[in-house]
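In: here are the coordinates; sequence isn't available:
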Ligand code: NI
């Protein structure tokens, strides 16, 4: 697995974007609305690092509880894998448990992502290569 991006929770997308740009980050595409996750999402790049900004747009968002708990913060590292199902099996053996089922992510070209959680490491995201 290769690191693809770090996911970063932000309450106010436009204001966060401006602050990241002031630090030298560049927007790599548009802000995409993910209806399934009830979140606005965009990707930024700096020094070869990719950062994903995720901002909940309603109370039913998959990240609205997390936002209440941790506020504006990085919250996952995403790993790219060629074979997601095989990777999930391997991670299950390493005590990771699925916390968000495989589902396409409109902000990453419709590629499949899922989230898994480990008792001592916390949450990771898997992204299928395509
Ligand atoms: Ni992500």
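Out: Good, I have the coordinates. If you're wondering where the values come from, they're calculated on a predicted model, not measured in any experiment.
In: of all the residues in the chain, which ones are close to the ion?
Out: Applying C-beta under 5 Å from the ion, we find that the chain lies next to the ion at 7, 52, 78, 125. C-beta coordinates here come from the backbone N, C-alpha and C atoms, glycine included.
In: State the phi and psi torsions of the residue of the chain positioned farthest from its centre.
Out: If you look at how far each residue of the chain sits from its centre, by C-alpha atoms, centre = their mean, the farthest one is residue 93, at 23.0 Å. Torsion angles at residue 93 (phi, psi; degrees, to the nearest 10) stand at phi -60, psi -30.
In: Kindly report the same for residue 37.
Out: Backbone geometry at residue 37, expressed as degrees, to the nearest 10, gives phi -90, psi 0.
In: And residue 60, how far from the ion?
Out: From residue 60 across to the ion, the span is 19 Å (C-beta to the ion, to the nearest Å).
In: That residue in helix, strand or coil?
Out: Here residue 60 is coil, with the state taken from DSSP: H, G, I helix; E, B strand; the rest coil.
In: which residue ranges form the helices in this protein?
Out: Under the criterion DSSP state H, the chain carries helices at the ranges 13-22, 64-70, 84-93.
In: Having no further points to raise, I will conclude here.
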